[in-house]
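# structure for this input, please:
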Amino acid sequence: MSFNLVFFNGDVRRDKKQEAMLNSMVRRGKSRKMKNLAEKIEKNIQNLKIFERKFGTLNENFRLNARGNFLQSLADMEKQRTKNEEQTKAVRKIQKKWRGFRARHFLRLQFRAQFDAISDGHRGLENSNYLNFQKILQMAQLLVNFYETNKDEERLVMTLVELVKARTANRAFEQQIRDSQRFLLARCCVKFLDHADENTIFFHVFRFLEDFVTCHSHLYEAISQHGLFDAEFHLLEALIGKPEDVSIQKKPILPRHLQLLTRIFDVFVFQNPARTTPVSVHVADRLLKTICVKISDLNFANYILYYIRDHIRLSGTQHVNPNSSVIYEAGKSANVIQKWKLRPEEVETASIRLRAVFLSFVENVNKTNSESLKQLFDSLALVLDQHATIMKTLNVKEDLTENGRLRTAVNQYIWEYSNGILSSVNFRRAACAYANTQNVNVTSLIPMRKHFTECMDLLASSDTFLEALYTFITSSERFEPDDCCTQRINALELFCNCLNKRISSVADSDFIPTSIFPHFDATVEFVRDVSIKLIHSMFPVYQRGEPGVVRNQFKDVTDAVFSFLGAIYQKDIRLKYFPEGFWTNHGREVFVGIGHQARTTPRNRRQQPMRSEFVERLAELYEEEGGDSDDEELMERNAREKVPTALQRGICIMKNIPFIVPFMDRVQLFNRLVSQEHDRFMDVSRMFNNYNTNLTVRRDQIYMDAFEKYKPKAVKDDVRELKANIRVKMINWAGSNEQGVDGGGIFREFLSELLKDAFSVNRGFFTETTESKLLYPNPTAIYLLGADCLTHYQFIGRMIGKLIYERQLQEVRFAEFFIAQLFEDRTKDVDLQHMKSFDPLIFKNLKALQTTSEQELDELQLDFSVVTSDVGLVRTVNLKPNGSNQRVTVDNVHEYIRLYVNYYLKQRIATMVGAIRRGISEVVNIEWMSMFAPHELQILIAGFEEVFTIKELQQNCQITFGMASSTTDQDFIEMIWDVIDKLSKDDKMAFLSATCMNLLRIPKYSNRTKLEEKLRYAINSGAGFELA
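Numbers count the residues shown, from 1 in each chain. Below is the predicted model:
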């Protein structure tokens, strides 16, 4: 038996046949050679096992790589096959298109030849009209199958002409043309217009569209989807041509351009009973998209915008196309810009244009038609908010190219145009007309309250609107202003602004609460209580979000509420309408840390550190306000520094509505502020030992001597000494020193006499009102005394500041309009009521103007200017820019009255008031006075006008004798009280002013007559301390 390795199958394991062969060879041992061969084979088998163990992994990798290569080759083959298939398909497609093109081209040639044959034959026919109609229909059917731009324009125009002529000859002819054929012809018209130029004749195209297409709603909507409006406005821009300049302004529309615009907007503008085609909102939406996106910037701003404004009106009135409202409906639909799917750089322009188009309806709205007004204003606020949101969320990189800069300029122009509409007379009249309708929806006007600033007078005159606002605000049992964004909060802002206008326009003599508002008393009480709730919401115990953000959200409504309450309070001061204690009877504890709220109780003792901090924080706020910072910055700082909520609320109340705190509590707070400032100055002064200063003045030259000492100087100004203790030495008329040591009384006399001289009308710095003899700065002082008079006014301000700083009273009565400007916000308008004390005749005439008719105003020929005569200098002063060329009308008469009053009672004395304010501020923080009303400031400076009673004097005086008291002493005391009680009003006031250091020494006179004689002589002699 032979053994050949050819039979070896690669497996190191022997099969049965091999095993049998080997065993047989070994057993038989036929030959040594065979035995060796068997051993070799066995050895080889063992080596193969070792080889398998060492190189088995390599063999496996080899097999895997072979499999991968095989699969890759299959993939390459599949890819090549796919590529070949795609190439085959592309070739077939190209061949198919080419064959289709050749077929269509061939058919076009055939159809065009047939068309030409029919048209040539049709021209020579003189047969019946029926045959002509059939030929025209064939021509139209052939045309839509071969029409190509730049080849078949003449054939299209000829067909359209024949169709229009056929319809004109027989109205029934229109019914023979299928809708599909009309639509295809309209597609040809769109192609024609889309490639038009300035020489294109478009009349026949538009005539066909009007007679066969746009007169049917479904066809009009279908063709509008295929670019009708884009093609029409392309033709318009081709006719307008390239602008000669880049000026942005309304330009005259040429007759041909106007004709085209008329054709485009015919369905929306002109009322034609024979063409009452209802238009869907989708068609109007496509028209708006073309106008707002596709038209060039200059053409939109110079032509299209003004055409829309002048021709498209809301429906609801006679001779107005009802389809015009469809454009309005499309423009106000929610997210209309988003539906157009524009690129980010197109969104801004589209939004600005659409806003302008929408607002253009305001210009021509019928103010006598409630339906039109309701249609406009019920959606206007929503539209404005939508566009405002779009503008806020835009994030488009600025385009600095020439076209980009032009677009930016045009967009700015259109934006200003839109804002001009919102501040126009037409808008004001429309808003007021809507406010006076019975079905007024206040929720439509509330979001637009920011745009009613200019027309607040007219809006406030609507009883219907104010009633609706009040009902809306008080619709629920409780008014909780926790959500600053609610409609009720916004309604309260608008309501308070309207009532504030009403109150300011009513003179005190005409004040009838129920005529201002039927629920006047309840309304004022409601707003008073809500004001405190608003402050609590501005400063919550548990803060949510940034403090500044929360306060800014409430700023507008709180400003309106505070202003309204302040106006009512000023009116109540003069008229005493509300019962005593009304303003402080709000049922809420207003923490101010003074007065009756500072009574010593365990709880109050725990709160005492907060009260001290309250005064310090309030003083810091006033100091910040007197400088460059505002109170908002300090409020934020307080929030960051974790100032207690109650303290922040108290500061806010004292800054905005201090009159809800009792007057005497505020006086005590003011005294604490002054004392704190005085102590601070004295602490610093003691370090340098200069807390006292001496002053020598001549009695007959008190004013000038003091002026030379304390007048404003550029170098070595002694104003700081006014905060120190001034010791005054008087020199009499003979040049001798007056007897007496200044323990405070001589200084008080000095300051009193100085101010009495300064306020004297004979000196010229001040003058008096006509009837009440109240003082205010002399407007002609600058002409009489020269420019240096402002230095005197600043000096007088320093002396008034010293008077306040020392808490001394001065017998002087200022005009309320002057004292209000001196210590309050000078940006406020002067109330008309103040004119009554200034000049009763002017006041009467201005009051009469408020109810003057349009005809009467025309006869008066008033304009916004006044003629003044100052010391013989006659000049004309404009109350506003170009005022002499602006007539006073019913719409602006309230503005005229406001400007007139402001000029005479504010502007003419503004420089003097400013100088006095500077002087006061150099001695005492003038912002401290903001917690007082003008009449309270008068009390703070001059005291109460009422003369003291003897009982009040007894309660505040202490009488002592040099020896032990006796019955005779008691009789003398009663005699003193009786003599003082019988003094006249002037003598009683002189009696208080003539005491030194609040001490009066009286000898024990023997009888009443002598006591009265000596007392009267002492208080009226004016001899100072010469009688000592």
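# how about the strands in this protein?
For the chain, the strands defined by DSSP state E occupy 692-698, 725-731, 766-768, 775-777, 865-870, 873-878.
# wait, which of those is closest to S884?
Nearest to S884, of all those, is strand 865-870, at 4.1 Å by CB to CB. Using the backbone N, CA and C atoms, a C-beta is placed for each residue, glycine as well.
# tilt between the closest one and strand 873-878?
Angle, strand 865-870 to strand 873-878, by axes from the mean of the first three to the mean of the last three CA atoms, to 10 degrees: 150 degrees.
# got the buried residues for strand 865-870?
865-866 (16 or more other CB atoms under 10 Å).
# extract the CA atoms of it and return them as PDB.
The C-alpha trace of strand 865-870 is given here as PDB (Å, rounded to 0.1, in the frame of the first residue of the first chain):
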ATOM      1  CA  SER A 865     -47.800 133.600  20.600                       C
ATOM      2  CA  VAL A 866     -48.100 136.400  23.100                       C
ATOM      3  CA  VAL A 867     -47.100 140.100  23.000                       C
ATOM      4  CA  THR A 868     -45.200 141.300  26.100                       C
ATOM      5  CA  SER A 869     -44.100 144.700  27.300                       C
ATOM      6  CA  ASP A 870     -41.200 144.700  29.800                       C
END
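# that one pairs with which strands?
Using DSSP bridges, the strands paired with strand 865-870 are strand 873-878 (antiparallel).
# quick revisit: format the strands of the chain as TSV; extra columns: distance to M975 and mean pLDDT.
Below are these laid out as TSV (distance: least, CB to CB, whole Å; pLDDT from 0 to 100):
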stretch	distance to M975	mean pLDDT
strand 692-698	38	86
strand 725-731	32	87
strand 766-768	40	92
strand 775-777	39	93
strand 865-870	57	86
strand 873-878	61	87
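# out of those strands, deepest packed?
Most buried of the strands of the chain, by mean neighbour count (mean count of other CB atoms under 10 Å): strand 775-777, with a mean of 24.
# contacts for it?
The contact list for strand 775-777 (CB atoms under 8 Å, 6 or more residues apart in numbering) reads 759, 761, 765-769, 793, 812-815, 817-818, 909, 912-913, 916.
# for T780, phi and psi?
phi -90, psi 10 (degrees, to the nearest 10).
# got a list of what it touches?
T780 touches 870-871, counting by CB under 8 Å, 6+ apart.
# measure the spatially closest residue to R813 that is not a sequence neighbour to K880 for me?
Excluding the flanking residues, the one nearest R813 by CB to CB, 6 or more residues apart in numbering is L774, at 5.4 Å. Going from L774 to K880 by CB to CB, to the nearest Å gives 28 Å.
# so those two - more neighbours on which side?
Per other CB atoms under 10 Å, whichever of L774 and K880 has more neighbours is L774, with 21 against 13.
# pLDDT score for that one?
Predicted confidence (pLDDT) for L774: 90.
# that one touches K836, doesn't it?
No. With contact defined as CB atoms under 8 Å, L774 does not reach K836; the gap is 11.3 Å.
# residues contacting the residue nearest to R813?
Listed by CB under 8 Å, 6+ apart, the contact set of L774 reads 768, 813-816, 818, 837.
# and if you look at F823?
Counted by CB under 8 Å, 6+ apart, F823 has contacts 926, 929-930, 932, 934, 937.
# determine which two of the residues you listed are furthest apart.
I926 and P934 (14.0 Å).
# look through this protein and tell me its longest helix.
helix 32-124 (DSSP state H).
# could you name the helices and strands sitting against it?
Judged by 3 or more CB pairs under 8 Å, 6 or more residues apart in numbering; DSSP states H and E, the packing partners of helix 32-124 are helix 16-28, helix 129-146, helix 153-169.
# so how far is E895 from T876?
Noted for T876: a distance of 19 Å to E895, by CB to CB.
# again, but for L695
51 Å.
# likewise D665?
Distance from D665 to E895, by CB to CB: 39 Å.
# spatially central residue in the chain, please.
K450 (5.8 Å; CA atoms, centre = their mean).
# please narrow the contacts of F823 to those residing in helices.
Per DSSP H, the subset of the contacts of F823 in helices is 934, 937.
# could you redo the contacts of F823 as JSON lines and give each row pLDDT, distance to Q412 and neighbour count?
As requested, the contacts of F823 are exported to JSON lines (pLDDT from 0 to 100; distance: CB to CB, whole Å; neighbours: other CB atoms under 10 Å):
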{"residue": "I926", "pLDDT": "84", "distance to Q412": "42", "neighbour count": "24"}
{"residue": "M929", "pLDDT": "85", "distance to Q412": "44", "neighbour count": "21"}
{"residue": "S930", "pLDDT": "82", "distance to Q412": "40", "neighbour count": "18"}
{"residue": "F932", "pLDDT": "87", "distance to Q412": "47", "neighbour count": "21"}
{"residue": "P934", "pLDDT": "85", "distance to Q412": "45", "neighbour count": "23"}
{"residue": "L937", "pLDDT": "88", "distance to Q412": "47", "neighbour count": "21"}
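# quick one, what contacts E237?
Contacts of E237 (CB under 8 Å, 6+ apart): 295-296, 299.
# okay, helices next: where are they in the stretch 201-350 of the chain?
203-208, 217-224, 228-240, 255-264, 266-269, 281-289, 297-299, 305-311, 324-332, 336-339, 344-363 (DSSP state H, counting those that start in this stretch).
# need those in a markdown table (columns: mean pLDDT and distance to I568).
Converted to a markdown table, the helices of the stretch 201-350 of the chain look like this (pLDDT from 0 to 100; distance: least, CB to CB, whole Å):
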| stretch | mean pLDDT | distance to I568 |
| --- | --- | --- |
| helix 203-208 | 89 | 64 |
| helix 217-224 | 90 | 58 |
| helix 228-240 | 90 | 57 |
| helix 255-264 | 87 | 55 |
| helix 266-269 | 78 | 51 |
| helix 281-289 | 89 | 48 |
| helix 297-299 | 89 | 51 |
| helix 305-311 | 85 | 42 |
| helix 324-332 | 79 | 39 |
| helix 336-339 | 86 | 45 |
| helix 344-363 | 86 | 34 |
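# distance to N36 added to those, as JSON lines?
What follows is the helices of the stretch 201-350 of the chain, written out as JSON lines (distance: least, CB to CB, whole Å):
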{"stretch": "helix 203-208", "distance to N36": "113"}
{"stretch": "helix 217-224", "distance to N36": "103"}
{"stretch": "helix 228-240", "distance to N36": "103"}
{"stretch": "helix 255-264", "distance to N36": "114"}
{"stretch": "helix 266-269", "distance to N36": "116"}
{"stretch": "helix 281-289", "distance to N36": "102"}
{"stretch": "helix 297-299", "distance to N36": "107"}
{"stretch": "helix 305-311", "distance to N36": "115"}
{"stretch": "helix 324-332", "distance to N36": "108"}
{"stretch": "helix 336-339", "distance to N36": "97"}
{"stretch": "helix 344-363", "distance to N36": "93"}
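# quickly list the domain ranges of the protein.
Following the TED database, one gets these domains for the chain: 40-108, 130-242+261-271, 322-448, 462-542+551-591+612-623+636-661, 688-942, 950-1021.
# any chance of the ones you listed in JSON lines with distance to F115 as columns?
Shown next, in JSON lines, are the domains of the chain (distance: least, CB to CB, whole Å):
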{"stretch": "domain 40-108", "distance to F115": "10"}
{"stretch": "domain 130-242+261-271", "distance to F115": "4"}
{"stretch": "domain 322-448", "distance to F115": "36"}
{"stretch": "domain 462-542+551-591+612-623+636-661", "distance to F115": "66"}
{"stretch": "domain 688-942", "distance to F115": "65"}
{"stretch": "domain 950-1021", "distance to F115": "114"}
